[in-house]
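Peer 1: Take this sequence and fold it.
(chains A, B and C, ligands or ions: 2)
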Amino acid sequence: MSRLRNYPGFLGMTIFCLVLLYAPLIIVMIYSFNESASITRWGGFSLVWYEDVFFGAESAKFKSAAWNSLVIAVCAATSATVIATLAALAMLRGGSFRGKSASFALINLPLMVPEIVTAVATLIFFSTIGFQRGLLTILLAHIVFCIPFAYLPIAARLQGIEAHFEQAAMDLYASRWQAFRLVLMPLMMPGIIAGFLLAFIISLDDFIITNFVKGAGIETLPTAIFGAVKQGIKPNIMAISTLMLLVSVVFVTASYFVSKLGNQNR
Amino acid sequence: MQLRHRLSNTDRGGITVTSSTKAVEIVGVHKHFGAGAHKAVALDNINLDVRDNEFFTLLGPSGCGKTTLLRIIAGFESVSDGDVLLYGKRLAELAPNKRPINTVFQNYALFPHFSVAENVGFGLRMLGKSKSEIDDRVKEMLRLTQLQAMAERKPSQLSGGQQQRVALARALAPAPKLLLLDEPLSALDLKLRHQMRIELKQIQQETGITFVFVTHDQDEALSMSDRIAVMSAGKLQQVGTAEEIYEAPRNRFVADFIGETNLIDADIVGGTETHPRVRIAGGIEMDVAGVAGGARSACISIRPERITLSHDGRLPCVVDKLVYLGTDTHYHVRLGDGTPMIVRRQNGGSDATAFRPGDTAGVTFDPAAIKVLAS
Amino acid sequence: MAGQLPSNDDSAAFAPARVWLMLPTWALIGFFLLLPVLLMLVYSFLTKEFRGGVIWEFSLESYDRFFLDRGLFGDEPPKIEWTYIGIFWRSAWQAGLATLLCLLVGFPTAWFIATRPPQTRSIWLFLVTIPYWVNLLIRTVSMKFLIRDNGPVNELLMALGVLDAPFTMINTNFAVQLGLFYSYLPFMVLPIYAAVERYNFALTEAAADLYATRWVTLWLIVIPVVRPGIIAGSILVFVPSLGAFLAPDLLGGAKNWMIGSLIEDQFKGAAGNWPFGAAVAMVLLSVVLVVLFIYARSQTRAGAR
Ligand SMILES: Nc1ncnc2c1ncn2[C@@H]1O[C@H](COP(=O)(O)OP(=O)(O)OP(=O)(O)O)[C@@H](O)[C@H]1O
Ligand SMILES: [Mg+2]
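Peer 2: Ligands and ions are numbered 1, 2, ... in the order given. Predicted coordinates:
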């Protein structure tokens, strides 16, 4: 009965939690539509700062940063998803083998090592082997830390699929490859898509590691924003933040519906 | 009996037990879930009394509202309408943790992080009893349920039957006025189930606590209960002793649900209100017991074991098939007009005249074996 | 040998190919993370070169500098150097406090959401998930904007007459704490939510049936049973808080450094001492691994039970 489940004050805490989580974002969103260049006073509604982001003095810088971010996120998420899918098949459909728990630890290593440590270690590594820092170094670093994020939903999905499906397919004269392509792969798809979306967002979000391994003059959106914020918060930063926030919301919604669809298919 | 003495001294929630009281009174209870288009009626005008010291069973098919009624008594659900009284006291305002009622949950709900002894002592601990009092009582309960050796184990280290006993010991430990049991035996295997039936009944008699027991298993109900309430689709169908319910089912549902029976449509062709004359297939007429209520037609019930099958039976029939059941065999036969009937014959008797499918034979039954049912 | 026989195991359909399937993972994470971390360990024992970089000569200089103070000319008896241990201590303290605050707010939130009816539950859950996905940099910048001296919070408080002059929050320990708490709060809510969702409410009913009040039930039954979720959430908040860089850098300013800022300074900032930075990173990594190891031990012990 509900009176056993409800605790006085818990609703209040929940609302406090949500207000705290949302207030800064919503206020920044509101101020991004501020006419005035002051970041304190409200000067009426306008879209000037969005115009500034796309066509203003700094627009070239932000556009190239956004493009870099996008290219890296797409490449890193795609590679990480493929690699994680293969790893999930080996880990969950490969029987038991020597080094399995070591492999599991390795997959999760990027989650266990603090970001700043990964950043430092990667910087040291690239500089020692004399690898020219640039887009490629960022991409490699991103693929590595995206692997566990892609792996989690894919493995969770694969774990929920009983081996009987593939066996039934092979019983009906499908080859191993056909059984994989026609039965297992479609069943895994929601997990693979969720893994991709998660990896994409994680890559798009990353600041610390990127900041260490990027070459001079190469910026992603977060490093560009960080650089700009160091000079002081200007309204165009709020406009960019609002746009990125929207991208995130679109992604959560997408992954929410993907997982919902996945559950229906079961 | 020392146990009973101690129990009758307990007094919680301002309730004192006097002999020959009604333990529980359920008065016009309605319960529905949801609202509007999603409204589902779970209980529809339930009225019943449970007597003190009684082993009372709620019996009915899945989804008929047994658990809901039990949860209302325990305080986990509220009523939509009506009242529940415990020893004459209204329960509505009393929170579950204030009611002198304990429950044996369907899946036991043992606290996984507590040992068996801690589980059993939990209720007493919450009542603020002293440590020594709790220890003594826990020991006593573990002895009663033969769990002494398990005291320090965690629930996950016990078998299903042992967990069941812990749940029982835990619910008995605070010496409740009333013990509610929701299908406590359903997770056990057949053999253990039969053994636990006997033990449960014994514990109930030993402690003198009023038991309200929920089951959908009619054997369980018939073998343990002082009285049984048969429910269907949220409605109370009949309340009575096992014998009353089996021998004198009040309606078609009860006759069909309890034991196996042949339900046959018949015309009422005369007789009195209480002893109507019925005509069944083949034009045979007989005077039977039962209330016809002035209707022209009725449904009659004949138990398979009350019918004899022989070569010279009164109503000719054809044997369709046999189902061998160990102690006896069920013969599925068809009367002249096509009415199907099941006849039960004990195996291994001297007249083990084998009938084969396709044989013609005849069935005979005593008019006293026929019950006229309200539709 | 058994591994090479065709297995009857249901889950071994990909056994023949498993080496090839694992190879990209081993190669990438091994070559671009495990190897770099080992290299970093080596670096922490090398000699500093003047402006970034190293001289390949073994030296204990970095660790010595971290832990000990040998005076200006190195001829005094070594004392413990408190500067860096102090930064570590402050980081651990800040991370611990953030964990505690997240738990105090996160547990009731997770409980509340998990006890809603299914239709509204997914809406509440959706609401807490969104900030989890929003860029951490943007969230931290937003917080900075909010609590500036002439930011909306101070403006509001002054307009309401609560304050006469702006209350300085930015560049204080308080701001760093707020930033950490705010950044990692969803990390606490989600694992606890998952645990509460699996919680068997019959246990709560059984406790009430045995005369326990709601709060006693919460303390004696609910919290012990959902403890794995609470511990997982605490680790997910504590570990990233300990190595946080953005919150102390953007909200704490120059005075309120945490380990993250110290490390960053050795590589990107003015200090430019790579071996020392590597050593500090090694100390941080060791602390984190110890925490994770204790956690894993407690998990296996709980699993064995
Ligand atoms: N919380 C609820 N919300 C909506 N409907 C419910 C709820 N609980 C029970 N019902 C409905 O009420 C009816 C009675 O349920 P109840 O659990 O009492 O049945 P039962 O007799 O105990 O069945 P079983 O033998 O399967 O346990 C069912 O139709 C059920 O679907
Ligand atoms: Mg039930």
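Peer 1: Could you tell me which ranges of chain B sit under the pLDDT cut-off?
Peer 2: Flagging of chain B using pLDDT under 70 yields the residue ranges B:1-20, B:281-282, B:290-294, B:349-353, B:374-375.
Peer 1: domains for it, by residue range?
Peer 2: Domain segmentation of chain B under automatic domain parsing yields B:20-247, B:260-373.
Peer 1: winner for burial among those?
Peer 2: Among the domains of chain B, ranked by average contacts under mean count of other CB atoms under 10 Å in any protein chain shown, first place goes to domain B:20-247 (a mean of 19). Quick note: C-beta positions are derived from backbone N, CA and C, even for glycine.
Peer 1: is chain A contacted by that domain?
Peer 2: Yes - Domain B:20-247 lies within reach of chain A by CB under 8 Å from any CB of the partner chain, at B:71, B:75-78, B:95-96.
Peer 1: Could you do stretch C:47-59 as well?
Peer 2: Yes - judged by CB under 8 Å from any CB, stretch C:47-59 comes into contact with chain A through residue C:53.
Peer 1: Low-confidence regions, the stretch 51-200 of chain A specifically.
Peer 2: Nowhere does the stretch 51-200 of chain A drop to pLDDT under 70.
Peer 1: what about 90?
Peer 2: Within the stretch 51-200 of chain A, the stretches with pLDDT under 90 are A:51-62, A:93-101, A:111-112, A:127-134, A:153, A:156-191, A:194, A:197-198.
Peer 1: which bits of chain B sit near chain C?
Peer 2: B:74-76, B:95-98, B:101-103, B:105-107, B:109-113, B:122-123, B:126-127, B:154, B:156, B:170-171, B:174.
Peer 1: The stretch 151-266 of chain A now?
Peer 2: Listed as neighbours of chain C in the stretch 151-266 of chain A under the rule CB under 8 Å from any CB: A:162-164, A:166-167, A:176, A:179, A:201, A:204-205, A:207-208, A:211-212, A:222, A:225-226, A:229, A:233, A:237-238, A:241, A:244-245, A:248-249, A:251-252, A:256.
Peer 1: got the CA coordinates for stretch C:269-282 in CSV?
Peer 2: The C-alpha coordinates for stretch C:269-282 follow below in CSV (Å, rounded to 0.1, in the frame of the first residue of the first chain):
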residue,chain,number,x,y,z
GLY,C,269,50.3,25.0,-17.1
ALA,C,270,53.3,27.0,-15.8
ALA,C,271,55.0,24.3,-13.8
GLY,C,272,56.0,22.1,-16.7
ASN,C,273,57.4,19.3,-14.6
TRP,C,274,56.4,16.1,-16.4
PRO,C,275,57.9,13.5,-14.1
PHE,C,276,56.3,15.2,-11.1
GLY,C,277,53.0,15.3,-12.9
ALA,C,278,53.4,11.6,-13.7
ALA,C,279,54.1,10.9,-10.1
VAL,C,280,51.1,12.8,-8.8
ALA,C,281,48.9,10.9,-11.4
MET,C,282,50.4,7.6,-10.2
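Peer 1: Going by neighbour count, which residues in it are buried?
Peer 2: If you call a residue buried by 16 or more other CB atoms under 10 Å in any protein chain shown, then stretch C:269-282 has these buried ones: C:271-282.
Peer 1: what sits against the residue in the stretch 151-300 of chain B that ligand 1 sits nearest to?
Peer 2: The stretch 151-300 of chain B approaches ligand 1 most closely through residue B:216 (4.7 Å), counting by CB to the nearest ligand atom. Going by CB atoms under 8 Å, 6 or more residues apart in numbering or on different chains, residue B:216 touches B:59-62, B:66, B:183.
Peer 1: could you pull out the helices for the stretch 151-266 of chain A?
Peer 2: A:164-171, A:176-179, A:185-205, A:208-213, A:221-230, A:235-265 (DSSP state H, counting those that start in this stretch).
Peer 1: Give me whichever of these is most buried.
Peer 2: Note that of those, helix A:208-213 is the most buried (mean count of other CB under 10 Å), with a mean of 25.
Peer 1: Summarise which helices and strands that helix is packed against.
Peer 2: helix A:115-128, helix A:135-160, helix A:221-230 (3 or more CB pairs under 8 Å, 6 or more residues apart in numbering or on different chains; DSSP states H and E).
Peer 1: which bits of the stretch 51-200 of chain C sit near chain B?
Peer 2: By CB under 8 Å from any CB, the residues of the stretch 51-200 of chain C that approach chain B are residue C:200.
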